[in-house]
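[1] Fold the following and give me the result.
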Amino acid sequence: MNSIGRAGIALAAFAAPCVAMAAWTKAYVVEWNEPAIYYGAKAGVIDPGTDCPQGTNPEIDWVKVLMEAGYTREEAEWLRNPANPTRSPVHGQNQMAFRGKARANVYVNPTSTPDPGLVGVSGTLAEGLDLDGNAKTGFTSPDGEKGIDNNFYKTVGCWKTYRGPRRLSSGALQFNDSMRNGAWTTLIVVAGQGDDPMNDKDVNVGFYLSDDKMVKDGNGNIAPDYTFSIKPHARYEAIFPARIKNGVITSTKAVSGVLREPAYWRDLELERAQIKLTMKADGSLSGYVGGYRPWEHVYKGWVNARGPVIEALTWVQLPGVYYALRRNADYSPSGAKGEKTHISYALRVDALPAFVMSPDASQQVAAVASYKSLAPAETGRVSGLFPQVVDGIFIDPKAKQQAGPNAVITPPENIAKAKE
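    As a prediction, the model looks like this:
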């Protein structure tokens, strides 16, 4: 565990302007993070539970969906047939996008089709934080705390991509594997002014990015006590004023910040953000980062991950996700009467002790401060993982037939004999 006295502050201060004097610091590397999705079943992903009494969203009859959108049965069956040359085994069937009114693309115009529905959480328990300070609204935590605000969970908690026991949902496994294999690294630095790190009224907690990869032990787990340098970043940074009582770190003031998220859209943009993290006896750190995030950015992330693929593999209709996010949005930055553009959210975080260095790797950090002024200017934002995706569909310039509102669909005379 990194613990630095006042003597080292002067040496490290040059790396971060306006460094506050810290009596002690502790540093960590995030080894796992995932949306805080409470799992209420005894076993299985799609099975009923207290969170989702009917289980997850069921598998979709896409032929029926296409027919309801105006395609003939023959057209619908041919579009879903693997023998159709316009259906890519990797990127799906692009024509699936064009099922809105007048063949509108439902991924970018979700209101061009009626709300197909998304099964949401109906249970009363949830993980996360009380973001609005109102114990009468929201969920109850598993340990009995009232007022937990997590409408993101309310929206997607019965979606099989998100549902599952801790650290076992398919979405969490996919993106944490990427992070743990070196795609990105998040560091946490905790610095206080008191004599007791387990009880301190004046604490700051910083979340930073690093280019240094985590190291795995012989069992494939992330090894503790390795060294990482902070990478100044123009976006990925958040600093939380906090207090510590009996090892539990809680926010004393809500802030705005952006973290690197385990998801298709990468940016976890939070307003009114808070933390609740516990310093454990084994030196690790775990808990929640919560706040209100722009829900349309989240929706566009799924769209840009190739709409047909997300829909087919995860058993949702993306317009239904759009309607549900909009319906459950619970925060407006412009005030109580403003449009609800944000939805309450919580990220579950597990971190291990680490040594965190200044950006030039010359000194261990001895305080929490912003490094944004040292970050290079952003040259361009990456909107998603698939640069060839346009309006939710993967554009293959070599394809002889392109999907679209005016695409001609010519099923074989006998679809039943088409290659399955």
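[2] how is the chain carved up into domains?
    6-15+23-55+118-374, 62-116+389-417 (automatic domain parsing).
[3] For residue 269, grab the count of nearby residues.
    The number of residues packed near residue 269 is 20, by other CB atoms under 10 Å. Where C-beta positions appear, they are placed from N, C-alpha and C, glycine not excepted.
[4] list the helices and strands the helix or strand hosting it packs on?
    Here residue 269, judged by DSSP states H and E, is contained in strand 267-279. Contact here means 3 or more CB pairs under 8 Å, 6 or more residues apart in numbering; DSSP states H and E; on that basis strand 267-279 packs against strand 238-245, strand 248-251, strand 255-260, strand 285-294, strand 342-353.
[5] Is it possible to get CSV of these that adds mean neighbour count and distance to residue 167?
    Shown next, in CSV, are these (neighbours: other CB atoms under 10 Å; distance: least, CB to CB, whole Å):
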stretch, mean neighbour count, distance to residue 167
strand 238-245, 19, 23
strand 248-251, 20, 22
strand 255-260, 19, 18
strand 285-294, 24, 11
strand 342-353, 24, 8
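[6] need these in TSV with distance to residue 137 and mean pLDDT, can you?
    TSV is the format used below for those (distance: least, CB to CB, whole Å; pLDDT from 0 to 100):
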stretch	distance to residue 137	mean pLDDT
strand 238-245	23	98
strand 248-251	18	98
strand 255-260	21	97
strand 285-294	14	98
strand 342-353	10	98
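[7] For residue 42, find the nearest of those strands.
    Nearest to residue 42 among the helices and strands packed on strand 267-279 is strand 342-353; the distance by CB to CB comes to 20.6 Å.
[8] Toward the C-terminus, what is the element adjacent to that closest one?
    strand 355-357.
[9] Please tell me how far that following strand is from the chain's geometric centre.
    The chain centroid and the centroid of strand 355-357 are separated by 26 Å, computed with CA atoms, centre = their mean, to the nearest Å.
[10] Specify the next element, helix or strand, located C-terminal of that strand.
    strand 389-390.
[11] from the domains of the chain, which stretch is densest packed?
    Stretch with highest mean neighbour count among these: domain 6-15+23-55+118-374 (a mean of 19; mean count of other CB atoms under 10 Å).
[12] can you give me the strands in the stretch 101-250 of the chain?
    With strands called from DSSP state E, counting those that start in this stretch, the stretch 101-250 of the chain shows them at 139-140, 146-148, 185-192, 200-210, 227-229, 238-245, 248-251.
[13] As JSON lines, those with distance to residue 59 would be great.
    Output for the strands of the stretch 101-250 of the chain, formatted as JSON lines (distance: least, CB to CB, whole Å):
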{"stretch": "strand 139-140", "distance to residue 59": "28"}
{"stretch": "strand 146-148", "distance to residue 59": "31"}
{"stretch": "strand 185-192", "distance to residue 59": "35"}
{"stretch": "strand 200-210", "distance to residue 59": "38"}
{"stretch": "strand 227-229", "distance to residue 59": "43"}
{"stretch": "strand 238-245", "distance to residue 59": "38"}
{"stretch": "strand 248-251", "distance to residue 59": "41"}
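[14] Of the ones you listed, which is nearest residue 389?
    Evaluated over the strands of the stretch 101-250 of the chain, closeness to residue 389 peaks at strand 200-210, with 24.9 Å, by CB to CB.
[15] and the closest one, what other elements does it pack with?
    Checking 3+ CB pairs under 8 Å, 6+ apart, strand 200-210 ends up next to strand 185-192, strand 238-245, strand 255-260.
[16] can you redo these as TSV with distance to residue 68?
    TSV is the format used below for the helices and strands packed on strand 200-210 (distance: least, CB to CB, whole Å):
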stretch	distance to residue 68
strand 185-192	44
strand 238-245	44
strand 255-260	39
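[17] Of all those strands, which one is nearest residue 159?
    Among the helices and strands packed on strand 200-210, strand 255-260 comes nearest to residue 159, with 21.8 Å by CB to CB.
[18] what packs against that closest one?
    Applying 3+ CB pairs under 8 Å, 6+ apart, we find strand 255-260 packed against strand 200-210, strand 238-245, strand 267-279.
[19] Adjacent strands (with direction) for the host helix or strand of residue 34?
    Element membership for residue 34 (DSSP H and E) is strand 24-35. Using DSSP bridges, the strands paired with strand 24-35 are strand 185-192 (antiparallel), strand 342-353 (antiparallel).
[20] Mind exporting the C-alpha coordinates of the helix or strand just after it to CSV?
    Moving toward the C-terminus from strand 24-35, the next helix or strand (DSSP H and E) is helix 62-68. Output of helix 62-68 as CSV, limited to C-alpha atoms (Å, rounded to 0.1, in the frame of the first residue of the first chain):
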residue,chain,number,x,y,z
TRP,A,62,-38.0,-11.5,-35.7
VAL,A,63,-40.1,-12.8,-38.6
LYS,A,64,-43.2,-11.6,-36.7
VAL,A,65,-41.5,-8.2,-35.9
LEU,A,66,-40.7,-7.7,-39.6
MET,A,67,-44.2,-8.6,-40.7
GLU,A,68,-45.7,-6.2,-38.2
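[21] outside of helix 62-68, which residues touch it?
    If you take CB atoms under 8 Å, 6 or more residues apart in numbering as the criterion, helix 62-68 is touched by 73, 75, 76, 77, 79, 80, 96, 99, 116, 312, 317.
[22] and which of these is nearest residue 273?
    Nearest to residue 273 among the contacts of helix 62-68 is residue 317, at 30.9 Å by CB to CB.
[23] pretty sure that closest one contacts residue 308?
    No - if you go by CB atoms under 8 Å, residue 317 and residue 308 don't touch, sitting 11.1 Å apart.
[24] Sweet, I'm off.
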